[in-house]
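Novice: Sequence unavailable; structure follows:
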């Protein structure tokens, strides 16, 4: 647990970004660092392009001295609604120790999910999962150790990475047993599945024990993506998984534990696997080497990659490599990716606190979470929501005390 906390804390304090001077360490907040950009907020780069989508942005606010969540209209360049998570009340509802991401200074409200009633579901980063109303009142707190992504499956349940309470199975050396849970919208865990158990039962013992130096955080599951369409052998109810510390993605049938396919690399320490409309999968390759001191080195200087993988024939494409290289789009840790209906890509450069929409050869727009004239605050797994995907009826006649 200490190793995992250290890695999360490093991200929150921007250890992997430009180093802070002694003065900056004193005067800047934990979730704040010097900016790399000469602009703040939203900037339209392709003036011929119109985007009717929305951004759901979990971000550190220096004004509020904590994380907030904003619903932002791209077309109107306007914040439509703001949620300020009631952190003190959340901590009172939880028995989890107030350290790391479970403190006001480091709380993330990670990967918030917008509900039909205007409420949100989010996690601290490494800890409890919370549901609040559109007005920011607590609906429930589930005290289990959740982390990383939150997604909806075909039954309307949540699929969320979780740390298993009891290691299944017991490994030769102790390991953080990452898994994923199926959780109802009222916060009740219905099922949970161990990644270690899945890998060992499917013959992947070498991935657990035989690759590199053994570490407690061997798996580091950072995405559990429900399959919503049947393509190329994938069935509705399957889950696509991203295992960062093994640079591995796979597709599993939870009920049987069967791995339909598994692929290690060429992506490195990747995030965010998604099923595309043509049955292929998009993967954000952070493409870094993790060093013993938790620092990181990019394999290609200053560049991450977007991979498109066909699990049937094994082919891999990098359709955005030109613009990724030209713009030096990169994040060593974290990161979000979504391939949009017209073929553009939405990407979060978490380490730089920047969000972008890109085509294969240009930047459409970008957003930077500037919290002062020369600093940025952390962003915590934002979402792009298309105009077709969102329902704003909950805003009609909404009044909050």
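Specialist: Yep, it's here. Keep in mind the model is a prediction, meaning the values are calculated, not measured.
Novice: where does the residue nearest in space to the middle of the chain land in three-state SS?
Specialist: Compute the mean C-alpha point of the chain, and by CA atoms, centre = their mean the closest residue is residue 381, 4.4 Å away. Following DSSP: H, G, I helix; E, B strand; the rest coil, we place residue 381 in the coil state.
Novice: Do you know the pLDDT at residue 6?
Specialist: On the pLDDT scale, residue 6 is placed at 43.
Novice: change the start of the numbering to 4 and stick with it
Specialist: Okay, residue one is now 4; in that scheme the one you just asked about reads as residue 9.
Novice: Phi, psi for the residue nearest to the centre of the chain please.
Specialist: Residue 384 adopts backbone torsions of phi 70, psi 80, taken as degrees, to the nearest 10.
Novice: nearest residue to it other than its sequence neighbours?
Specialist: residue 114 (3.8 Å; CB to CB, 6 or more residues apart in numbering). The C-beta positions use only the backbone N, C-alpha and C, and glycine is treated the same way.
Novice: Same question for residue 84.
Specialist: Per CB to CB, 6+ apart, closest to residue 84 is residue 74, 4.5 Å.
Novice: Correct me if wrong: that neighbour contacts residue 57.
Specialist: Yes: in this structure, residue 74 is within contact of residue 57 by CB atoms under 8 Å, at 6.1 Å.
Novice: Quickly list what's touching both of the two.
Specialist: Residues touching both residue 74 and residue 57 by CB atoms under 8 Å, 6 or more residues apart in numbering: residue 83.
Novice: Identify the residues contacting the residue nearest to residue 384.
Specialist: Contacts of residue 114 by CB under 8 Å, 6+ apart are 61, 125-126, 151-153, 383-384, 386.
Novice: Of those - the most surrounded one?
Specialist: Tallying neighbours with other CB atoms under 10 Å puts residue 383 at the head of the contacts of residue 114, with 31 neighbours.
Novice: how near is residue 245 to residue 284?
Specialist: Separation of residue 245 from residue 284 (CB to CB, to the nearest Å): 10 Å.
Novice: between the two, what contacts are shared?
Specialist: In contact with both residue 245 and residue 284: 252, 276, using CB under 8 Å, 6+ apart.
Novice: Identify each of the helices in the chain and give its residue range.
Specialist: Taking DSSP state H to define them, one finds helices in the chain at 5-15, 25-30, 90-96, 198-204, 208-212, 324-329.
Novice: Closest one of the contacts of residue 114 to residue 257?
Specialist: Checking the contacts of residue 114 against residue 257 with CB to CB, the nearest one is residue 152 at 15.7 Å.
Novice: Check that closest one and give its pLDDT.
Specialist: For residue 152, the predicted pLDDT is 98.
Novice: same thing with the one 10 residues further on?
Specialist: pLDDT, residue 162: 99.
Novice: Residue 203 too?
Specialist: pLDDT for residue 203: 94.
Novice: Neighbours of it, how many?
Specialist: Neighbours of residue 203 (other CB under 10 Å): 17.
Novice: ok, now residue 191?
Specialist: 11.
Novice: quick one: the strands in the stretch 4-153 of the chain?
Specialist: 35-37, 44-47, 57-64, 69-76, 81-86, 113-117, 123-126, 129-135, 141-150 (DSSP state E, counting those that start in this stretch).
Novice: Remind me what the third one packs against, helices and strands.
Specialist: Based on contacts counted as 3 or more CB pairs under 8 Å, 6 or more residues apart in numbering; DSSP states H and E, the elements that strand 57-64 packs against are strand 69-76, strand 113-117, strand 378-380, strand 386-388.
Novice: closest to residue 266 out of those strands?
Specialist: strand 113-117 (23.8 Å).
Novice: related to what we said a few turns ago, and the residue nearest to the centre of the chain, what does it touch?
Specialist: Per CB under 8 Å, 6+ apart, neighbours of residue 384: 61, 111, 113-115, 151-152, 337, 339, 351, 353.
Novice: and if you look at residue 236?
Specialist: 263-264, 314-315 are the contacts of residue 236 under CB under 8 Å, 6+ apart.
Novice: repeat for residue 126
Specialist: Residue 126 neighbours (CB under 8 Å, 6+ apart): 111-114, 132-133, 149-151, 153, 163.
Novice: Also residue 193?
Specialist: Contacts of residue 193 (CB under 8 Å, 6+ apart): 160, 184-187.
Novice: circling back: among the contacts of residue 236, which ones are buried?
Specialist: Buried subset of those (neighbour count, 16 or more other CB atoms under 10 Å): 263-264, 314.
Novice: Okay, and which of those map to strands?
Specialist: Under the assignment DSSP state E, the buried ones among the contacts of residue 236 contribute 263-264 to strands.
Novice: Just give the number of residues close to the residue nearest to residue 235 when sequence neighbours are not counted.
Specialist: Leaving out its chain neighbours, the residue that sits closest to residue 235 by CB to CB, 6+ apart is residue 282, at 4.0 Å. By the criterion of other CB under 10 Å, residue 282 has 15 neighbours.
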